[in-house]
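[1] got a sequence here, can you model it:
(chains A and B)
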Amino acid sequence: MAEVLDIAVRLIVIVVAFLVLPLIVGQMEHKAMAHMQSRLGPMYAGGFHGWAQLIADGVKFAQKEDVIPAAADRRVFAIAPAVALVPYLVVMVVIPVGPGLVGADLDAGLFFVLAVMGIGVLGSIMAGWASANKYSVLGGMRAAAQLMSYELPLVLAASSVAMAAGTLSLEGIAEQWRWWWLPWQAIGAVVFFVAGLAELRRPPFDMPIAESEIIMGPMTEYTGIRFALFMLAEYVGIVVLSALTTVLFLGGWQGPILPGPVWTLIKIFVLAFVVIWVRVSFPRFREDQLQKLAWIGLVPLALLQLALTGVVRVLLA
Amino acid sequence: MMLNMARIPGEGLAKGLAVTLRHMLRKSETQQYPEVKPDLPPRSRGVIALVEENCTVCMLCARECPDWCIYIDSHKETLPAPEGGRPRARNMLDRFAIDFSLCMYCGICIEVCPFDALFWTPEFEYTEYDIRDLLHEKDRLGEWAATVPPPPPHEAGAEPPKEIAAGSRPARTSDTARRPAAAGRTDSGVAGRAGEKTAEKTAEKAAGGPAGTPETSSGESTPSGESTPSDKSTPSDKGVTSEESAPRREPPRPMRDIRSIRPPGALPKKPSTPENPEGPGNPAKDGPGEDA
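    Below you'll find the model as predicted:
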């Protein structure tokens, strides 16, 4: 009985975090982006500096008509938002927030995380294909191409950390982490973060959804709550990417004075801020520049990191 | 060159990040409009206000308006003159309306108004749901007159801004208090007073000139007979400038007789017309001194 209760509490906490953290990140994006652009951002919803803006947005999305185009592949069209969203929820189950504070500690946690995160992109491809819209297909194809290119440096960078720690368990990696890993794994961290941004299709890697040229790509035909699910997936993606980078490269809950989970959250939000900051600062990559960055930039760097990790491991052993 | 360009890889990226971060830390200049009203400078072109008391129904604004969006109705009222004078007719304003759906805010009406009856005010919140409601009558235009802000101070020694001059002037009221009001009005404009004075003089001289008033006819007969009327203007002008240079009360070319107004470049008047009413006017003061 106690075991069931324990699992239930963990899952409830994960679902709450899954719903609340993206809202906080979204609100942070609203306000930080506004101030970076010398605006104020939302100021009215909820009374204090528009804190309830995203809740109001959610209510609005829920009220909207759910339109499915006549030519669309109805079933795939309807499933696509869930396919985009659920993998991130599943990933959150295995991300540790503190020692022992994890939904389920898997031995092959890192492998599981990378495998499941790849499914999220499938949602975009399905949505693009099922919409019966040429912009959506174009966006879906671009998303697929992006996934192909950036999955490789992502996995290589992550495997470098796994090599350094000697385990695939996320909790194990975070426990093994020492401060001097920071310079040692610096290249890997940057490669992982950048490739993760590209996987999320966040600006400046948002060629698949480029709203000014292919009008949101796979999401062109989506309205109402389904569109909201896509947006939620994007922000959960930011949380998951920041959390993974924290656990793999920044030592997770390790830090002075403050308790572990607080450190984890601080690091997650700092990284989420960086995601927003990068989004505001840089223009969108062209499609060919995107591919070029992945293949002649990130992949060699990730391989270099892998070699460096191997050499240091051998020297230390 | 290449070495200089590629100093540190990612330097440009860092610069971009620095710009956005600097902007985020800077205080935002945004004004929360409905709560915070904008502080607009005087003479902002918000809406046109009417000071009804100053309007003389001269129709200049309505005629100059490029959009013809000013509607003026008036009637004449005859005022009984005190002291047995001639009764005067006066224009009474019945309607003054500006259609702000037509107005293009050029401000020509305000520029052209000779009696300071129209002003810019920074008031701008007068939107309506129906375009026909944008036709505002004189009471609404008059309400806006209260919102005309005091103008910025002029340079030292400059004449006072017209908003202040219009405000300090006593209002032109109707029938009963006509006398002081008329005096106040003529005080305002230099030209108005001068015009009235010359009109009085011409009337006086027209009456007295042919009959021969003793003081003027004695010293005046010789120069008036010798010189032609066209020549006469020169000594009179000279005399005015030399005698009272600082406050020039007379218009540069006294137009006592409406027939003496000639188009520029016209031939001088024939010397054969002897009865010129302006003859004994100005040269009476200085004419002998100049001629002798």
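[2] now the residue most central in space within chain A: closest residue in space, sequence neighbours ignored.
    Centroid-nearest residue in chain A, with Cα atoms, centre = their mean: A:Gly237, separated by 2.7 Å. Distances taken as Cβ to Cβ, 6 or more residues apart in numbering or on different chains place A:Leu200 nearest to A:Gly237, at 4.3 Å, with adjacent residues excluded. Using the backbone N, CA and C atoms, a C-beta is placed for each residue, glycine as well.
[3] which elements pack onto whichever helix in chain A runs longest?
    Longest among the helix segments of chain A by residue count, using DSSP state H, is helix A:2-36. Using 3 or more Cβ pairs under 8 Å, 6 or more residues apart in numbering or on different chains; DSSP states H and E, the elements in contact with helix A:2-36 are helix A:53-63, helix A:74-94, helix A:224-249, helix A:260-281, helix B:11-25.
[4] tell me which residues touch the nearest residue to A:Gly224 once chain neighbours are set aside, please.
    Spatial nearest neighbour of A:Gly224, excluding adjacent residues (Cβ to Cβ, 6+ apart): A:Lys64 at 3.7 Å. For A:Lys64, the contact set (Cβ atoms under 8 Å, 6 or more residues apart in numbering or on different chains) comprises A:223-225.
[5] coming back round to it: so for the longest helix of chain A, what's the average pLDDT?
    Averaged over helix A:2-36, pLDDT sits at 87.
[6] check which residues of it are buried.
    The neighbour-count check on helix A:2-36 (16 or more other Cβ atoms under 10 Å in any protein chain shown) flags A:14, A:17-18, A:21-36 as buried.
[7] neighbours of A:Phe111, how many?
    16 (other Cβ atoms under 10 Å in any protein chain shown).
[8] now do the same contact list for it.
    A:Leu168.
[9] how much space between it and chain B?
    Noted for A:Phe111: a distance of 31 Å to chain B, by Cβ to the nearest Cβ, to the nearest Å.
[10] secondary structure element for that residue?
    Using DSSP states H and E, A:Phe111 maps to helix A:109-130.
[11] what's the answer for B:Ser74, then?
    Using DSSP H and E, B:Ser74 falls in strand B:70-79.
[12] and that strand, which residues are buried?
    Neighbour-count burial for strand B:70-79 flags B:70, B:72, B:74 (criterion: 16+ other Cβ under 10 Å).
[13] go on, stretch B:130-137?
    Buried residues in stretch B:130-137, counted by 16+ other Cβ under 10 Å: B:134-136.
[14] name the nearest residue to the residue of the stretch 51-200 of chain A found nearest chain B, sequence neighbours excluded.
    Closest residue of the stretch 51-200 of chain A to chain B, Cβ to the nearest Cβ: A:Val190 (9.8 Å). Leaving aside its sequence neighbours, A:Val190 sits nearest to A:Leu301 (Cβ to Cβ, 6+ apart; 7.7 Å).
[15] determine the set of other helices and strands touching whichever helix or strand the one you found is part of.
    In the assignment (DSSP H and E), A:Leu301 maps to helix A:299-316. Judged by 3+ Cβ pairs under 8 Å, 6+ apart, helix A:299-316 is in contact with helix A:134-165, helix A:181-184, helix A:186-200.
[16] mean confidence for the longest one?
    Averaged over helix A:134-165, pLDDT sits at 88.
[17] just checking, what packs against it?
    helix A:109-130, helix A:170-176, helix A:186-200, helix A:211-214, helix A:224-249, helix A:287-292, helix A:299-316.
[18] related to what we said a few turns ago, with only the CA atoms kept, save the strand holding B:Ser74 in PDB.
    Extracted in PDB, the C-alpha atoms of strand B:70-79 (Å, rounded to 0.1, in the frame of the first residue of the first chain):
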ATOM      1  CA  ILE B  70     -16.600  74.300 -40.800                       C
ATOM      2  CA  TYR B  71     -20.200  75.300 -40.700                       C
ATOM      3  CA  ILE B  72     -21.200  78.800 -39.600                       C
ATOM      4  CA  ASP B  73     -24.600  80.300 -39.300                       C
ATOM      5  CA  SER B  74     -25.200  83.800 -38.100                       C
ATOM      6  CA  HIS B  75     -27.700  86.700 -38.000                       C
ATOM      7  CA  LYS B  76     -27.300  90.400 -37.800                       C
ATOM      8  CA  GLU B  77     -28.400  92.300 -34.800                       C
ATOM      9  CA  THR B  78     -28.700  96.100 -34.700                       C
ATOM     10  CA  LEU B  79     -27.400  97.700 -31.600                       C
END
